[in-house]
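Asker: Structure for this input, please:
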Amino acid sequence: MDTSLSDNVAGEIERLRSALKERPNDAGLLAGLGKLLRVAGNTEKAKRRLSLAIALDPTQIEPLLVLGNTHLRECETNRALACFGLAQTYSPQDWLRFKMAVSIPPLVQSLAHIAVLREGLGRALGALSKLSLRVKNPPYDGASLFYLAYYGQDDKSLYEAFANLHLRFDPDLAGVAPHCIKPRPRDDEPRIKVGFISTFFYEHSIGRLTRGIIEGLDREKFHVTVVMVSHAKDALTDIIARSADRALEIPRDLDRARLVVAKEELDVIVYPDIGMDSLTYCLACARLAPVQCLTWGHPVTSGIPSLDYFVSAEDLESEGSEDHYSEALYKLKCLGTYYYRPESPKKKKRSDFGLKGSPHYYFVPQYLFKIHPEFDLLIAAILDGDPKGRVLFIDGIEGAWKNFLRARFQKTIPGVADRIDFTPWRPQRDFLALMANTTVVLDIPHFNGGNTTIEAFFAGVPVVTMPTRFARGRFSAAIMKQIGLDECIAETPKDYVDLAVRIGTDLKYRKSLRAKIRKRIDGIFENDEAIREWERFFIDVCGRKDIGPPKGGGS
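Answerer: Numbering: from 1, shown residues only. This is a model prediction of the structure:
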């Protein structure tokens with residue numbers, strides 16, 4: 001939360017608290033306070049206020065939705081569904097029926113739990129396809145399969161079914177911009193008009209990964225438009241906006257947003273991420289440019305028929321990976337990101353972060369919902385192999401996730417659960433300083449780090465990775481191949497454990513890797529070839545007489 005927003009929220013919380021002293025049983029005031037406490041991160045207090053508001057007036061819909069979403073984020077699916085169901089009693093809404101049917105938790109207990117959830121989801125999607133629901137302009141917290149990507153399976157058919165339901169429930173989603181039917185005149189703007197659309201053009205992984213491409217495209221060949229969905233803003237937002245030929249902010253109203261984008265008459269649209277925001281997801285269902293693509297900000301297929309290409313990279317794809325995508329797979333020769341070097345942090349000691357001085361810290365700097373059940377066994381094997389080792393996680397934005405994982409570890413790896421620590425989330429510079437004080441970074445095989453792997457190398461810390469068959473499990477290996485650090489890539493779970501333990505316990509070997517990282521780190525940042533690769537892609541798919549998606553994929 002940025003400082004100005006935080007100050008505004010804090011001020012409004014105090015105002016509501018003062019008002020409640022005069023009217024302690026005012027359900028509206030309690031609901032408003034609960035919602036703001038949730039925004040501020042005070043989840044337990046928020047739940048108490050929201051629950052009291054609902055008890056006083058169960059017909060209030062907003063507190064039911066906020067409390068339901070809170071329970072869902074905390075992996076309490078049944079409680080969430082109870083809240084949503086009560087909301088349906090008083091104000092039936094088709095979008096909420098859709099959301100309830102596909103609600104899945106961020107974290108899971110086991111592989112068996114994943115199998116049950118996926119089977120249930122498949123049945124729910126099938127049942128929904130027989131209903132005549134009407135879902136128009138879904139809210140930000142509408143139906144989503146975001147967490148499905150972290151379960152580690154091939155879910156193409158589920159994503160396609162999900163997309164087809166959107167189109168069934170709102171046929172207007174499949175609208176076509178006029179210039180996609182009759183090509184735009186080229187005289188006024190002969191350059192290829194490229195548009196980048198996202199909700200996350202700020203200090204977010206999407207903003208950092210996309211900024212350099214937007215800035216660097218050759219303006220003699222390309223006109224660049226940035227389309228920002230109303231959301232968070234910060235200094236990076238301004239930088240990205242200024243670097244474009246044209247920057248637009250679209251409202252969280254789907255019909256209006258479609259009109260705004262269609263009016264730009266773009267030749268190609270790039271969605272850096274699909275599946276992380278309901279508005280951009282629904283926007284991508286329309287044909288708003290002759291060529292439309294997404295890339296790996298959220299590295300799974302969209303299932304959306306109107307998206308022509310998934311732009312990936314050769315090192316991100318395994319044999320036969322074309323089958324993982326509903327889009328045509330287009331493989332750049334390099335990773336395709338022009339990443340700016342972070343600002344160096346001030347040097348700090350372990351004690352500055354509440355860490356002990358002597359253990360070997362195996363750091364997992366990822367959101368906790370990425371922690372796949374199979375990763376538990378890798379942790380246990382590493383700690384068994386290094387008696388001085390401790391595993392360190394980031395205590396994320398939901399306190400319940402840490403509690404969930406602690407309970408899971410007690411069941412899955414009880415012998416080492418007491419050697420697993422959690423440290424608070426920190427802003428990037430402090431995060432980098434913390435990273436520099438760890439021994440090894442453990443990459444999660446099922447869903448790799450992208451930004452975090454780059455940041456680890458910037459901090460001089462070796463990263464251990466093990467590529468899987470999906471792109472989301474191959475990012476770190478691709479980064480390592482880019483700078484010639486193949487010795488940190490494991491092929492099997494045993495290799496992964498042995499490599500991690502060797503780096504953690506062998507000081508001489510660890511120093512040699514750190515020296516090699518320092519020598520080669522420049523190869524990660526500000527890669528002009530990434531920009532040239534994107535330019536070749538745009539020319540390839542848009543450079544014909546009749547702009548439009550060619551048959552088949554490309555590379």
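Asker: what's the next secondary structure element after the strand or helix carrying Lys21?
Answerer: Per DSSP states H and E: Lys21 is located in helix 3-22. Next along the chain after helix 3-22, taking DSSP H and E as the criterion, comes helix 27-39.
Asker: Is it correct that Ala87 is in contact with Leu65?
Answerer: Yes: using C-beta atoms under 8 Å, Ala87 is in contact with Leu65, at 5.9 Å. For every residue, glycine as well, the C-beta is placed using N, CA and C.
Asker: Find residues that contact each of those two.
Answerer: Common neighbours of Ala87 and Leu65, using C-beta atoms under 8 Å, 6 or more residues apart in numbering, are Leu96.
Asker: Quick one: the strands in the stretch 451-555 of the chain, in order.
Answerer: In the stretch 451-555 of the chain, the strands defined using DSSP state E, counting those that start in this stretch lie at 463-464.
Asker: Low-confidence stretches in it?
Answerer: Where the stretch 451-555 of the chain drops to pLDDT under 70, the residues are 543-555.
Asker: And for the stretch 1-150 of the chain?
Answerer: Applying pLDDT under 70 to the stretch 1-150 of the chain flags the ranges 1-7.
Asker: do that again at 50, thanks
Answerer: The stretch 1-150 of the chain contains residues with pLDDT under 50 at 1-4.
Asker: now the helices for it?
Answerer: 3-22, 27-39, 43-56, 61-73, 77-90, 94-101, 111-128 (DSSP state H, counting those that start in this stretch).
Asker: The residue nearest in space to the middle of the chain: what secondary structure?
Answerer: The residue lying closest to the centre of the chain (C-alpha atoms, centre = their mean) is His298, at 5.2 Å. What DSSP: H, G, I helix; E, B strand; the rest coil gives for His298 is coil.
Asker: thinking again about what came up before, for the helices of the stretch 1-150 of the chain, which one sits closest to Ile269?
Answerer: Nearest of the helices of the stretch 1-150 of the chain to Ile269, taken as C-beta to C-beta: helix 94-101 at 24.9 Å.
Asker: what helices or strands is the closest one leaning on?
Answerer: The contact analysis (3 or more C-beta pairs under 8 Å, 6 or more residues apart in numbering; DSSP states H and E) places helix 94-101 against helix 77-90, helix 111-128, helix 156-169.
Asker: if you set the cut-off to 10 Å instead, what comes out?
Answerer: helix 61-73, helix 77-90, helix 111-128, helix 156-169 (3 or more C-beta pairs under 10 Å, 6 or more residues apart in numbering; DSSP states H and E).
Asker: Highest mean neighbour count across those, which stretch is it?
Answerer: Mean neighbours per residue, mean count of other C-beta atoms under 10 Å, is largest over these for helix 61-73, with a mean of 22.
Asker: Around Pro462, count how many other residues there are.
Answerer: Close neighbours of Pro462, defined as other C-beta atoms under 10 Å, add up to 25.
Asker: To clarify, my last question referred to Gly449.
Answerer: Other residues close to Gly449 by other C-beta under 10 Å number 24.
Asker: Does it belong to a helix, a strand or coil?
Answerer: Assignment for Gly449 (three-state DSSP): coil.
Asker: could the helices of the stretch 1-150 of the chain be laid out in TSV, adding distance to Tyr151?
Answerer: Listed next are the helices of the stretch 1-150 of the chain as TSV, based on distance: least, C-beta to C-beta, whole Å:
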stretch	distance to Tyr151
helix 3-22	32
helix 27-39	26
helix 43-56	24
helix 61-73	16
helix 77-90	14
helix 94-101	17
helix 111-128	5
